[in-house]
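J.: Okay, here's the prediction I keep looking at, along with the sequence it came from:
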Amino acid sequence: MIIAAVILAFACGTGLVAWELSRVGIHQGYAPIQPIAFPHKVHAGDYKIPCLYCHYAARTSRHAGIPPESVCMNCHSLLEKQTAEIEKLIEAVQQQRPIRWVKVHNLPDFVYFNHSQHVVSGVACQECHGPVQDMDRVRQDRPLTMGWCLDCHREHAHLPTASIRRSLLALKQKPKPAAGLDCASCHY
Amino acid sequence: MNHESGVDNAQRPCKSAKDELVRIGRPSTEFPGGLPGADQSPEGNTRRDFLSLMGFTVAAAGLTGCRAPVQYAVPQVAGSDQMVPGVSNWYATTCGGCPSACSLLVKQRDGRPIKIEGNGESPLFGPGTCATGQATVLSLYDGERLRGPLWKGKPTKWAEIDRQVLDSLTAAGKTGRAVVLLSGTLTSPSTLEIVANWTRRQPNFRHVVYDAVSLSALRAANAESFGRKAIPHYAFDKARVIVGLEADFLGTWLSPVEFARQYAASRRSGEDFRLHAQFESGLSVTGSKADVRVPVAPSDMGAVAVALLRRIARKAGIADVPAGPEPRADPAILDAVAEQLWRHRGESLVVSGVADKSVQVVVNALNAFLGNIGKTVDLAHPSLQRSGDDQAMAELVDQMNRGEVHTLLLYGVNPGYDYADAARFLKGFEKLALSVSFSDRRDETSSHTDAICPDHHFLEAWGDAEPVDSNFSLAQPTIAPLFDTRAAQESLLKWIGNDSDYYVWLRTHWRQQMFPRQKELPDFDTFWDRSLQAGVVALTPKAGSDVPAFHGPYNSAARAIIDARREGQYEILLYESVPMRDGRNANNPWLQELPDPITKVTWGNFAAVSPKLAKQLGVTDGDVISLQTETAQVQLPVVVQPGQESRTIAVALGYGRKLVGKAGRDVGVNAYPLTAIRDGLRRYSAANVVVKTTGRRENLASTQTHFSMEGRPIALETTLQELHNEPEAETESMPTLWGERPQGEHLWGMAIDMNACTGCSACVIACQAENNVPVVGKDQVQRTRIMHWIRLDHYYIGSEDNPRSVHQPMMCQHCGNAPCETVCPVLATTTSSEGLNTQVYNRCVGTRYCANNCPYKVRRFNFYNYTQNSDFDFNMESPLGRMVLNPDVVVRTRGVMEKCSLCVQRIQLAKNGALQGKRELADGDIMTACQQACPTQAIVFGDLKDSGSRVSKLHRDRRFYRVLEDLGTRPNVGYLKTLRYPLEPA
């Protein structure tokens, strides 16, 4: 009886350790404190500012980028309401000091991820970043593991046939490309 | 060196691993605790040490906890629509790597240049570059560059230096002593205007132009023959017969990018081209491409020119070429070459790199009698790419030593290293009141000057260039100056009382001089913007440039050659090598590690000795010999060079620098002291060299030690006749046991035309720059661990004394049935759906079985963490050097295999670009780095699934084949056989 309990405890313990170890490197739920408590809930949620207004680089570049302070000042230089956080921003701009944001979504160096490919293909930001418009502090909502990426890539791995592609081009629509399943799509 | 005579290869043994174990055993940045196995004491139990270390490391890793480091994202303060992080911008500029001033497109990423390409808009240079041009992007990030101006060796402010110089110049005006600007060849019209202003403003001022490897003899000869002291603009693409006399025009002579492009264009036509004959003493890149190559000693080269002139004169009905002894060359070949020249008169070209005025006059006579002047030899629009004057330089050194020079300004020159009598030049500094150098570092000359006012690197600077008359290009900065440097032109302006920016001066010059020479655009600002964007501008040539007539005197020149001929027992030839050129880029580790295209030796120069002479002296590769001329003595390791003239020893210039930086210091031996000045011209060859063996040996660091194909079908050649006669070869595919792979939309493939490849090695550096390939250093190269993803294999075919050569670029062949993939235990290498053989770095565990199984030996292993190990302190160790890295390609760490990926990052980027632009990928959208760098367009990449693409057409070409096809690897990379044009007997 006691032996069974011990074995059970041991098994649970091993299982727990194994699960913990398998989660090494996965930072799902990571929600670091930022130098300025920027609330996406207010900007993207209440005011419905489009993601690509600030994160414009995502349209053309591999990095979505965090907007330069001049983008913030597009609105905030005209607004009257000041909070302590906005004060921090104004101070940084006056001192011409860039803000050191803590990067939330970190992929390892050996992974090449290109935002623009996904944005142009019509993948919504929330697919990978979760409901950012409801977040006060940005957190990594998804696991961002290779397996998780592949789930989507496998689903969209079908090539549009040449004739479908031609018709879409004729209608001035972009044919959806196949999501790459080759190792070299992301690892080079 | 191994070739068909079966010379034993035991003379280049592999380095022992023992001294390496000792070296890495001590603590380094990569292995802070040292490594086991290095303990040399007999009691040391290495196996136990190893296990204990392993055990400790694993436990330590577990104990440190599993937290990833915090990463920060720091955006700009003010956003810019010009610079989006992650998107590359391209700017047109002009290269400053050598005076040829090729047009460039520079890829700038996040505010810094990371890659150099040629500017396809240029009608002269086209889209290619040379190895030096590709490597100059790294010179921008050279840690040896001065951070600011120095006065007497101590950092100071610009205002202080200006004050000192202005005071000195005023004093000079009063004393009546000379003020001299000693510069290299200047092709910049705006800078030359500044110099002209100096002549007007500063009393006793003169400008002396000095080139370390000078074409002064050619200029002097043209002054005599045509009344124009200029270098012609040569058109190799208009010539069907080319004869070179010691001129490496495809490698290093005058304008190699342009000439290689012209040469390939004329040979590409296949049917029209007739012959390239090269008479030379060493084996150069140009000689390796020639259809007929005749080894001739330097003292005999003049006789060859006269012999050809005699034959041509006879055909032209001119009888007064003096008689004299024939050179030591097969008279039948001379007859045949002369016959071909005559048959294609007006479409032929004779060029010579010999530094002798009489020889050049005879060559001018040859071109004149053949009717080439105005056709392939253009003196109406001359080349401005070399304007060094040996006589003026010699006079300057004399003047300096007599105390007649007050102030000396040094701009883009380093005579303290590369002058024939550097010691005498430096001694002249004692009598100067002021010396100022614009050098970017403390070098052999600037370390003796009172002031160093470091000039910008050309990638940080404004400028313009006129490499060939009426062909203009602009240069613009691609990064704000990294250090407190100032444009030399600005310093020069300030010191004649003009405080304007050089940019303002440049624009004013273009507004006043260039803008009026075009009719298309009505306002200057539009003209300026368009010119800046395109980089190159063609303007109507200045009036009055007509073709001058040849007016001899060829018979006195021929007489002078005959009279002056002195044979020596041994002779020496000094030449510019492709990697080092004249030595100005010696601190560039990419260039130091670039294998010499002929011998494949890296990190140093050597004495190239013919097999006959080597046997005679009893030396072989690596034996050190001493060479003594009347001016100096040097000691160099021997390289046995097939095809080398039997009593000439060839030594490369540009090595042996003492003050240039840690990469270039003491690499090789300085051969410049072996040059001498005679009759006002600098001589790069000497007869009566005393050669002695020393009994010492040196380990050469070469990347290829076996130069014979041993009868295997690796680098094939053919002739037009064979092509016509040969039936369409039906290559049957080897049967395969593998099933069909899932196929994607594309099948990427490549075709390499070995006929066009000259071995210039621009592709090697381009690949290194694009893919963050590390530099490993001389020691690792000696252990066969060089990391270049593409290499140029050089094979000799035929006899040892005068073999034919083939250059074969070899990179991963992306085999359909890849032998490397089947043996990887972790499947780190797979074939993608588009035919690429991909290497997944994060999966690789470093078994190295794949490299073992590869028949082409194109895989490279990271034996060390070359990027973070202080033993490999090249560009990747410092934050400054790391600025050159391409952010689109990962930097590999220790234990990972890497190889050519056919620039998969460029493929992906192009696909993304097509997606963004809502269009299909077109042929030519994707160019691999090697393809884009190649000046002859020998490499073609594309989609084999698109039957209309260039690469598909080449795969169907009659000359097409794949290397080692019989192994059944089914490579997607194929080659086109070299075409030889056999010499028809006269």
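T.: Perfect, I can see it now.
J.: okay, how far is it across stretch B:369-376, tip to tip?
T.: The first residue of stretch B:369-376 is 13 Å away from its last residue (Cα to Cα, to the nearest Å).
J.: Quick one: mean pLDDT for it?
T.: For stretch B:369-376, mean pLDDT rounds to 93.
J.: For that stretch, buried residues please.
T.: B:369-370, B:372-376 (16 or more other Cβ atoms under 10 Å in any protein chain shown). Where C-beta positions appear, they are placed from N, C-alpha and C, glycine not excepted.
J.: Low-confidence stretches in the chain?
T.: Picked chain A for this. Residues of chain A that meet the criterion pLDDT under 70 lie in A:158-165, A:168, A:172-177.
J.: sorry, should have said chain B
T.: Where chain B drops to pLDDT under 70, the residues are B:1-18, B:21-28, B:33-66, B:269-271, B:543-545, B:727-732.
J.: Could you grab the helix/strand/coil label for residue 92?
T.: I'll assume chain A. helix (DSSP: H, G, I helix; E, B strand; the rest coil).
J.: oops, I was thinking of chain B
T.: Following three-state DSSP, we place B:Ala92 in the strand state.
J.: returning to what we had before: out of the buried residues of stretch B:369-376, which is nearest to B:Val504?
T.: Nearest to B:Val504 out of those is B:Gly374 (Cβ to Cβ; 40.0 Å).
J.: and the gap between the closest one and chain A?
T.: Distance, B:Gly374 to chain A, using Cβ to the nearest Cβ, to the nearest Å: 51 Å.
J.: mind listing the helices for the stretch 51-200 of chain B?
T.: In the stretch 51-200 of chain B, the segments counted as helices under DSSP state H, counting those that start in this stretch are B:131-140, B:158-175, B:189-201.
J.: how about JSON lines for those, with distance to chain A and mean neighbour count added?
T.: Listed next are the helices of the stretch 51-200 of chain B as JSON lines, based on distance: least, Cβ to the nearest Cβ, whole Å; neighbours: other Cβ atoms under 10 Å in any protein chain shown:
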{"stretch": "helix B:131-140", "distance to chain A": "21", "mean neighbour count": "26"}
{"stretch": "helix B:158-175", "distance to chain A": "25", "mean neighbour count": "15"}
{"stretch": "helix B:189-201", "distance to chain A": "35", "mean neighbour count": "17"}
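J.: looking at those helices, which is closest to B:Gly604?
T.: The closest of the helices of the stretch 51-200 of chain B to B:Gly604 is helix B:131-140. By Cβ to Cβ, the value is 16.9 Å.
J.: Report the buried residues of whichever strand or helix holds B:Arg530.
T.: Assessed by DSSP states H and E, B:Arg530 sits inside helix B:524-534. For helix B:524-534, a neighbour-count test (16+ other Cβ under 10 Å) marks B:527-528, B:531-532, B:534 as buried.
J.: Could you check how far the residue lying closest to B:Asp957 once chain neighbours are set aside is from B:Ile714?
T.: Among residues not flanking B:Asp957 along the chain, B:Leu976 sits closest, at 6.0 Å (Cβ to Cβ, 6 or more residues apart in numbering or on different chains). With the distance defined as Cβ to Cβ, to the nearest Å, B:Leu976 ends up 14 Å from B:Ile714.
J.: ok, which stretches of chain A are helices?
T.: Using DSSP state H, the helices of chain A run over residues A:2-22, A:40, A:51-54, A:69-76, A:84-94, A:115-120, A:125-129, A:146-155, A:162-170.
J.: who's in contact with stretch A:49-57?
T.: Applying Cβ atoms under 8 Å, 6 or more residues apart in numbering or on different chains, the external contacts of stretch A:49-57 come out as A:43-44, A:58-59, A:63-67, A:71, A:115, A:119, A:125, A:132, B:84-87.
J.: Just grab the bridge partners of B:Asp623 for me.
T.: Residues in a beta bridge with B:Asp623, per DSSP bridges, are B:Arg697.
J.: Surely it is in contact with B:Arg697?
T.: Yes: between B:Asp623 and B:Arg697 there is a contact under Cβ atoms under 8 Å: 5.8 Å.
J.: one step back: more neighbours: which of B:Leu976 and B:Ile714?
T.: Legend: neighbour count by other Cβ atoms under 10 Å in any protein chain shown for B:Leu976 and B:Ile714, higher for B:Leu976 (23 against 17).
J.: In contact with the more buried one, which residues?
T.: B:751-755, B:954, B:957, B:959-961.
J.: closest point of the stretch 101-250 of chain B to chain A, which residue?
T.: Using Cβ to the nearest Cβ, the single residue of the stretch 101-250 of chain B nearest to chain A is B:Asp110, 9.7 Å away.
J.: Who are the contact partners of that residue?
T.: Applying Cβ under 8 Å, 6+ apart to B:Asp110 gives the contacts B:83, B:85-86, B:887.
J.: Can you narrow those residues down to the ones near chain A?
T.: Counting by Cβ under 8 Å from any Cβ of the partner chain, B:85-86 from the contacts of B:Asp110 sit close to chain A.
J.: list the contacts for B:Ala247?
T.: B:253, B:286, B:351-353.
J.: what do you get if the cut-off is 6 Å, keeping everything else the same?
T.: B:Ala247 makes contacts with B:253, B:351-353, as judged by Cβ atoms under 6 Å, 6 or more residues apart in numbering or on different chains.
J.: which one of the residues you listed sits closest to chain A?
T.: Taking Cβ to the nearest Cβ as the measure, chain A lies nearest B:Trp253 of these, at 38.8 Å.
J.: what ranges do the strands span in the stretch 201-350 of chain B?
T.: B:205-209, B:231-234, B:241-245, B:275-280, B:292-295, B:348-352 (DSSP state E, counting those that start in this stretch).
J.: sorry, back to before: write a PyMOL command that selects only the buried members of the contacts of stretch A:49-57.
T.: To isolate in PyMOL the members of the contacts of stretch A:49-57 that are buried, counting by 16+ other Cβ under 10 Å, one can use:
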select buried, (chain A and resi 43+44+58+63+64+65+66+67+71+115+119+125+132) or (chain B and resi 84+85+86)
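J.: which of B:Asp623 and B:Arg697 has more neighbours?
T.: Set B:Asp623 next to B:Arg697 and count neighbours by other Cβ under 10 Å: B:Asp623 wins out with 22 against 15.
J.: what residue lies at the spatial centre of chain A?
T.: By Cα atoms, centre = their mean, chain A has its centre lying nearest to A:His129, at 3.9 Å.
J.: any idea how far the nearest residue to that one once chain neighbours are set aside is from chain B?
T.: Excluding its sequence neighbours, the residue lying closest to A:His129 (Cβ to Cβ, 6+ apart) is A:Asp141, at 6.4 Å. Distance of A:Asp141 to chain B, given as Cβ to the nearest Cβ: 17 Å.
J.: Neighbours of A:Asp141, how many?
T.: Neighbour tally, A:Asp141, other Cβ under 10 Å: 20.
J.: likewise B:Tyr866?
T.: 25.
J.: Spit out the contact partners of it.
T.: Counted by Cβ under 6 Å, 6+ apart, B:Tyr866 has contacts B:774, B:776, B:872.
J.: Just send the residues you listed back as TSV, with neighbour count, distance to A:Ser167 and secondary structure too.
T.: Below are the contacts of B:Tyr866 laid out as TSV (neighbours: other Cβ atoms under 10 Å in any protein chain shown; distance: Cβ to Cβ, whole Å; DSSP: H, G, I helix; E, B strand; the rest coil):
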residue	neighbour count	distance to A:Ser167	secondary structure
B:Pro774	25	49	coil
B:Val776	25	53	coil
B:Phe872	23	55	helix
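J.: Adding distance to B:His276, write these out as CSV.
T.: What follows is the contacts of B:Tyr866, written out as CSV (distance: Cβ to Cβ, whole Å):
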residue, distance to B:His276
B:Pro774, 38
B:Val776, 36
B:Phe872, 41
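J.: near chain B, which residues of chain A show up?
T.: Residues of chain A lying near chain B by Cβ under 6 Å from any Cβ of the partner chain: A:24, A:57, A:60-63, A:65-66, A:68-71, A:96, A:98, A:100-101, A:103, A:106, A:109-110, A:117, A:120, A:174, A:177, A:182-184, A:187-188.
J.: Right, I'll leave it there.
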